[in-house]
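just to be clear, the model below is a prediction. Sequence and coordinates:
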Amino acid sequence: MHTLDEYQTETARTGEGYAAMENDLHVSILALGLTGEAGEVADLVKKVIGHAHTFDRDHFIAELGDVMWYVSELARFVDCPLSEVAAANVKKLRARYPDGFDPERSRNRTVVITNATPDGEPIIREFRHAMEGLGVNEADIRHGEAYLRANAPDGKPIAYTNATADDWVETDR
Ligand SMILES: [Mg+2]
């Protein structure tokens, strides 16, 4: 197994039964499966911490693999290579935390842009959402570019960012 996309080809081999179902049923099973397997990971940890079980590393890795299977199949459901999922996550986190995790940056997220159009309407909608929940105090949209100012805890602006949908995709979801 060399690449994420090769792995996804492998999950497709055992995912075809679900893929043959109606879309709503297919995606529901995948989403439920993902949370179920994440729950199995959590249960293993709980039993080690709470019930003094011996940590079974092989079992733990197997459950992480089960989570990966559902992630891979959910990505395939939307015709997305698994490598693209990983790349998007890397891009998001490098934008949010360019020097490694920073609690200050965690508290003061800056930009939310999706599906920008030249007139900027989708960006404005996303910024209004951001302004309600993320401490943003100023946003200005010009020709599809977004300019945004965020508040520090003392109320002083700490960030002024311009971005387009092509180079920023930052979400709180
Ligand atoms: Mg499992």
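Sure, I can see it. Numbers count the residues shown, from 1 in each chain.

when you work out contacts or count neighbours from here on, use the C-alpha atoms and nothing else.
Fine.

so what does the top helix by length along the chain touch, helix or strand wise?
If you go by DSSP state H, the chain has its longest helix at helix 23-51. Contacts defined by 3 or more C-alpha pairs under 8 Å, 6 or more residues apart in numbering; DSSP states H and E place helix 23-51 against helix 4-19, helix 57-77.

quick check: angle from it to helix 57-77?
For helix 23-51 against helix 57-77, the angle by axes from the mean of the first three to the mean of the last three C-alpha atoms, to 10 degrees is 160 degrees.

and residue 26, how many residues sit next to it?
Counted with other C-alpha atoms under 10 Å, residues neighbouring residue 26 total 18.

that older thread, dump the helices and strands packed on helix 23-51 to CSV, plus distance to residue 30.
Below are the helices and strands packed on helix 23-51 laid out as CSV (distance: least, C-alpha to C-alpha, whole Å):
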stretch, distance to residue 30
helix 4-19, 8
helix 57-77, 6
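
can you put those in a markdown table and add mean neighbour count and distance to residue 41?
As requested, the helices and strands packed on helix 23-51 are exported to a markdown table (neighbours: other C-alpha atoms under 10 Å; distance: least, C-alpha to C-alpha, whole Å):
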| stretch | mean neighbour count | distance to residue 41 |
| --- | --- | --- |
| helix 4-19 | 15 | 19 |
| helix 57-77 | 18 | 6 |
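
need those helices in CSV (columns: mean pLDDT and distance to residue 100).
As requested, the helices and strands packed on helix 23-51 are exported to CSV (pLDDT from 0 to 100; distance: least, C-alpha to C-alpha, whole Å):
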stretch, mean pLDDT, distance to residue 100
helix 4-19, 96, 24
helix 57-77, 98, 24
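
re the thing from before, give the buried residues for the longest helix of the chain.
Neighbour counts using 16 or more other C-alpha atoms under 10 Å place 26, 27, 30, 33, 34, 37, 38, 40, 41, 44, 45 of helix 23-51 among the buried residues.

of all the helices and strands packed on helix 23-51, which lies closest to residue 87?
Closest to residue 87 of these is helix 4-19 (C-alpha to C-alpha; 10.7 Å).

need the CA coordinates for the closest one. CSV is fine.
Below are the C-alpha coordinates for helix 4-19, written out as CSV (Å, rounded to 0.1, in the frame of the first residue of the first chain):
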residue,chain,number,x,y,z
LEU,A,4,-3.9,7.1,-0.3
ASP,A,5,-5.5,6.7,-3.7
GLU,A,6,-4.3,3.1,-4.0
TYR,A,7,-5.9,2.5,-0.6
GLN,A,8,-9.1,4.0,-1.9
THR,A,9,-9.1,1.6,-4.8
GLU,A,10,-8.9,-1.1,-2.2
THR,A,11,-11.9,0.2,-0.2
ALA,A,12,-13.9,0.4,-3.3
ARG,A,13,-13.5,-3.3,-3.7
THR,A,14,-15.5,-4.0,-0.5
GLY,A,15,-17.7,-0.9,-0.8
GLU,A,16,-19.6,-1.9,-4.0
GLY,A,17,-22.5,-3.4,-2.1
TYR,A,18,-23.3,-0.1,-0.4
ALA,A,19,-22.5,1.8,-3.7
